[in-house]
Every structure is written in C-alpha cells, then in structure tokens.
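*Asks:* this is a predicted model, with the sequence first.
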Amino acid sequence: MAVEATAPGKAILFGEHSVVYRGPAIVLAIDRRAKVVAQEREDGCIFFDSLDLGFSGYFRGEEYISVQGEEWRGKRLQAFFVAAKKTLEHLGVESGLTLTIR
C-alpha cells in the first residue's frame with residue numbers, strides 16, 4: 001500500500017527568521033508542488049528516490065548508501081531518515097520504507 005502527500009511550494013521574500021519572534025514576513029505560494037509517496041518495503045531499508053533532484057540511496061542502520069548521485073546527500077537526508085524511522089517505530093511497523101520525492 002502506498003500513501004501520497006503533496007504541499008505547495010513557497011517563496012519567502014522577507015522575514016524568514018523574524019516570524020519566530022512574531023515579526024513581519026512576506027510569504028507566498030508558488031505554482032510548484034512537492035510530492036512524497038511512501039511505500040512499505042520488506043527488507044528493512046529506508047530508501048530515498050528523488051531522481052528529479054538527481055539522487056537515490058538508502059539507509060541500512062545509520063549508514064547511507066548512495067545508489068545514484070553524490071554520497072554527501074545522505075547527510076542532508078538524515079532528518080528525513082530519523083522522522084521516517086520514528087514514525088515506523090511509533091506505528092509498530094518493523095518493515096522498511098521507500099520514499100519517492102518529486
């Protein structure tokens with residue numbers, strides 16, 4: 001079974017950090033969307049596929065293995081990896097996950 005989520009893109013023209021302190025900002029939605037499809041895997045890996053961004057790879061344990069693209073991208077995916085792992089733990093699911101990002 002696959003689950004899909006989309007969100008509109010945004011542009012922050014001014015005040016990206018000032019909003020933390022209730023300051024002003026100029027933000028608008030743009031005509032682009034981010035889409036993520038999550039699908040269960042049987043091998044226990046958390047696999048990221050984002051060929052639109054030029055990379056794919058997976059985490060086995062805490063180690064990122066690059067399939068396509070630069071190895072350093074795995075460090076950028078660490079937050080997504082932790083979120084996916086914690087979500088699976090919270091749901092009591094022991095399988096892996098494929099996250100397709102477009």
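*Replies:* Now that the structure is in, tell me what you want to look at.

*Asks:* between the two ends of stretch 11-31, how far is it?
*Replies:* 10 Å (CA to CA, to the nearest Å).

*Asks:* contacting residues around that stretch?
*Replies:* 8-10 (CB atoms under 8 Å, 6 or more residues apart in numbering). Bear in mind the C-beta positions are built from the backbone N, C-alpha and C, glycine included.

*Asks:* for those residues, which one is nearest Gly57?
*Replies:* Gly9 (23.9 Å; CB to CB).

*Asks:* list the buried residues in stretch 62-78.
*Replies:* By 16 or more other CB atoms under 10 Å, the buried positions in stretch 62-78 come out as 64, 73-74, 77.

*Asks:* over to stretch 39-55?
*Replies:* Quick answer for stretch 39-55 (16+ other CB under 10 Å): 45-50, 55.

*Asks:* report the distance from that stretch to the chain centre.
*Replies:* Its chain's average C-alpha position is 10 Å from that of stretch 39-55, according to CA atoms, centre = their mean, to the nearest Å.

*Asks:* just to revisit the earlier point, let's have the buried residues of stretch 39-55 in JSON lines, adding secondary structure.
*Replies:* Below are the buried residues of stretch 39-55 laid out as JSON lines (DSSP: H, G, I helix; E, B strand; the rest coil):
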{"residue": "Cys45", "secondary structure": "coil"}
{"residue": "Ile46", "secondary structure": "strand"}
{"residue": "Phe47", "secondary structure": "strand"}
{"residue": "Phe48", "secondary structure": "strand"}
{"residue": "Asp49", "secondary structure": "strand"}
{"residue": "Ser50", "secondary structure": "strand"}
{"residue": "Phe55", "secondary structure": "strand"}
